[in-house]
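1. What follows is a predicted structure for the sequence shown.
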Amino acid sequence: MSQIATTAPARKPLTAADRCDRCSAAAKVRATLPTGGELLFCLHHYNDHEARLVEIGAVVD
């Protein structure tokens, strides 16, 4: 019988090298899309896009 993982893989924390996908400022928020893609945002751009990310079911951390 095979086992199924029940916990998400550990994510690496954001570092100073991680940049916002919109403006290249320091990334403060990672959004994982339901399709598996990731977007990184500075706080300004996260605030601009938060409602849509919630609407599509993105996981934000």
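-> Sure, I can see it. Please read these numbers as outputs of a predicted model, since none were measured by experiment.

2. Run a quick neighbour tally on the residue nearest to residue 58 when sequence neighbours are not counted.
-> Residue nearest to residue 58 in three dimensions, not counting chain neighbours: residue 31, with 4.4 Å by CB to CB, 6 or more residues apart in numbering. Every C-beta, even on glycine, is put in place using the N, C-alpha and C of the backbone. Close neighbours of residue 31, defined as other CB atoms under 10 Å, add up to 21.

3. helix, strand or coil for residue 31?
-> strand (DSSP: H, G, I helix; E, B strand; the rest coil).

4. change the start of the numbering to 389 and stick with it
-> Shifting the count to begin at 389 puts that one at residue 419.

5. Wait, it touches residue 443, no?
-> No - applying CB atoms under 8 Å as the test, residue 419 and residue 443 come out as separate, 11.9 Å apart.

6. which intervals of the chain have sub-threshold pLDDT?
-> 389-398 (pLDDT under 70).

7. follow-up on the earlier one: how much space separates the residue nearest to residue 446 from residue 427?
-> Distance, residue 419 to residue 427, by CB to CB, to the nearest Å: 5 Å.

8. Spell out which residues are contacts of both of the two.
-> Both residue 419 and residue 427 are contacted by residue 446, under the criterion CB atoms under 8 Å, 6 or more residues apart in numbering.

9. residue boundaries of the strands in this structure?
-> With DSSP state E as the criterion, the chain has strands at 417-420, 426-429, 447-448.

10. Which elements pack onto the last one?
-> In this case it means strand 447-448. Strand 447-448 makes packing contacts with strand 417-420, helix 431-444 when contacts are defined by 3 or more CB pairs under 8 Å, 6 or more residues apart in numbering; DSSP states H and E.

11. Only the C-alpha atoms, please, for the first one, written as PDB.
-> Output of strand 417-420 as PDB, limited to C-alpha atoms (Å, rounded to 0.1, in the frame of the first residue of the first chain):
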ATOM      1  CA  VAL A 417       4.800  38.200  -0.100                       C
ATOM      2  CA  ARG A 418       4.700  34.900  -2.100                       C
ATOM      3  CA  ALA A 419       1.400  33.900  -3.800                       C
ATOM      4  CA  THR A 420       1.100  30.300  -5.000                       C
END
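
12. Tell me how far that strand lies from the chain's centre.
-> 1 Å (CA atoms, centre = their mean, to the nearest Å).

13. Cheers, nothing more for now.
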